[in-house]
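need a 3D model of the following:
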Amino acid sequence: MESRRPRHSKQTKSNSPRRRPQKAVRKNTQLKGDGEVGEKAPKTGEIRLNRYISNSGVCSRRDADVLIEKGLISVNGKVTTEMGLKVKPYDKVHYKGKLLSRERLVYLLLNKPKGFITTTDDPEDRKTVMNLVEKACTERIYPVGRLDKNTTGLLLFTNDGKLSKELTHPSHEVKKIYQVELAQRISDEDLEKIEAGMELEDGAVKVDNLVVLDNKRKKLGLELHIGRNRIVRRLFEQLGYEVTKLDRVFFAGLTKKNLPRGKWRFLHPKEVIWIKHMR
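Have a look, this model is predicted:
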């Protein structure tokens, strides 16, 4: 017997059930600083552990995942291998026994112009070097060492306290080269005095190299490792010379190449490695 399909009454359009369109599920994502798409940090300040490690300057996020997987990272005293773990602002993260900083480490080089004092704050409201780099980053950075108000040239900024201490401590003998211009012609006798070493009120000064750069004998190149306050100016002033221009052209392996006066740039990764390990 031939089977027949059951007849259904024809439903009118008004009687047919309406299905609401499904709303698209939007992932809680945003663009991160390195251009990757990832989870948006919640208002509690939590961030992924690999990002925390990367911000501290240890390695990239991908390499941080490897460290976590190998059990080389501890959070609040406990080793963790959990991928995707989120840490809070007050959590303590250690790598090889070293406490890591949540803040991204920043290294910035400025070609300082005249007229700016090297301080983070001035009660007299004078122009400071911080005015020149205030829009560079959100991290709070500090100048490494000092340059006088009228001294120009290379000035490094960072929030890496360990590196800053190393670069300014006399025992590390960080190389600095200055270009000096004098109001008077310098004599051979005084050149010999500087090269032999001089005694100032705060101790002996021994330069590493001294070169006359022009026929008028007013422009000099001076290399030294000492970092005491106003050391170059005081050296020439003791001999009766007025320093009209002083420019730091080399600092810890860094130069002013392609960096105009008053401008700044971030250090390249290779430069960071250099000043940390190879200078």
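
if we look at the lengthiest strand in the chain, which residues are touching it?
Ranked by residue count, the top strand of the chain under DSSP state E comes out as strand 243-251. Strand 243-251 is contacted from outside by 147-148, 150-156, 174-183, 223, 232-233, 236-237, 255-256, using CB atoms under 8 Å, 6 or more residues apart in numbering. For glycine as for every other residue, the C-beta is placed from the backbone atoms N, C-alpha and C.

what of stretch 84-93?
Residues outside stretch 84-93 that contact it (CB under 8 Å, 6+ apart) are 44-49, 52-53, 56, 68, 73-77, 99-100, 102.

these in helices, which ones?
Among these, the members falling in helices are 49, 52-53, 68 (criterion: DSSP state H).

biggest separation within the residues you listed, which pair?
For these, the farthest-apart pair by CB to CB is Tyr52 and Ile68; their separation is 10.4 Å.

looking at the two, which one has more neighbours?
Tyr52 (25 against 22; other CB atoms under 10 Å).

in terms of pLDDT, where does the nearest residue to the more buried one once chain neighbours are set aside sit?
Sequence neighbours aside, Val87 is the residue nearest to Tyr52 in space, at 5.4 Å (criterion: CB to CB, 6 or more residues apart in numbering). Model confidence at Val87, given as pLDDT, is 92.

what sits opposite Val212 in the beta ladder?
Beta bridges link Val212 to Leu220, judged by DSSP bridges.

so what's it up against?
Taking CB under 8 Å, 6+ apart, we find Val212 in contact with 186, 191, 219-220.

do the same with Pro113
Pro113 makes contact with 132, 152, 261-262, according to CB under 8 Å, 6+ apart.

now do the closest residue to it other than its chain neighbours, the pLDDT please.
Nearest non-adjacent residue to Pro113, counting by CB to CB, 6+ apart: Gly262, 4.5 Å away. At Gly262, the model reports a pLDDT of 97.

and Gly262, what helix or strand is that in?
For Gly262, there is no host helix or strand (DSSP states H and E).

filter the contacts of Val212 to the buried ones?
Burial by neighbour count, 16 or more other CB atoms under 10 Å: within these this picks out 186, 191, 219-220.

and the two most separated of those residues?
By the measure CB to CB, Leu191 and Lys219 form the most distant pair in the buried ones among the contacts of Val212, at 13.0 Å.

this protein: helices as residue ranges?
Secondary structure of the chain by DSSP H: the helices cover 49-55, 61-69, 130-133, 161-168, 188-196, 231-237, 269-273.

who are the packing partners of the fifth one?
Packing partners of helix 188-196 (3 or more CB pairs under 8 Å, 6 or more residues apart in numbering; DSSP states H and E): strand 209-212.

now the strand it packs on: buried residues?
Residues Leu210 are the ones in strand 209-212 that count as buried (16+ other CB under 10 Å).

stretch 231-249 now?
The neighbour-count check on stretch 231-249 (16+ other CB under 10 Å) flags 231-236, 238-239, 241, 243, 245-249 as buried.

distance between the ends of it?
End-to-end distance for stretch 231-249: 16 Å, by CA to CA, to the nearest Å.

how far out from the middle of the chain is that stretch?
Put simply, stretch 231-249 sits 29 Å off its chain's centre (CA atoms, centre = their mean, to the nearest Å).

what are the phi and psi values at Gly253?
phi 90, psi 0 (degrees, to the nearest 10).

for this structure, which spans come out with low pLDDT?
The chain contains residues with pLDDT under 70 at 1-44, 57, 279.

once you drop chain neighbours, what's closest to the residue nearest the centre of it?
The centroid of the chain falls nearest to Tyr107 when counting by CA atoms, centre = their mean (1.5 Å). Once flanking residues are discounted, Tyr107 sits nearest to Leu267: 4.1 Å by CB to CB, 6+ apart.

look up how far Arg185 lies from that neighbour.
Separation of Leu267 from Arg185 (CB to CB, to the nearest Å): 39 Å.

quick one, which of those two is more surrounded?
Leu267 (18 against 10).

show me what contacts the more buried one?
Residues counted as contacts of Leu267 (CB under 8 Å, 6+ apart) are 107-109, 254, 275.
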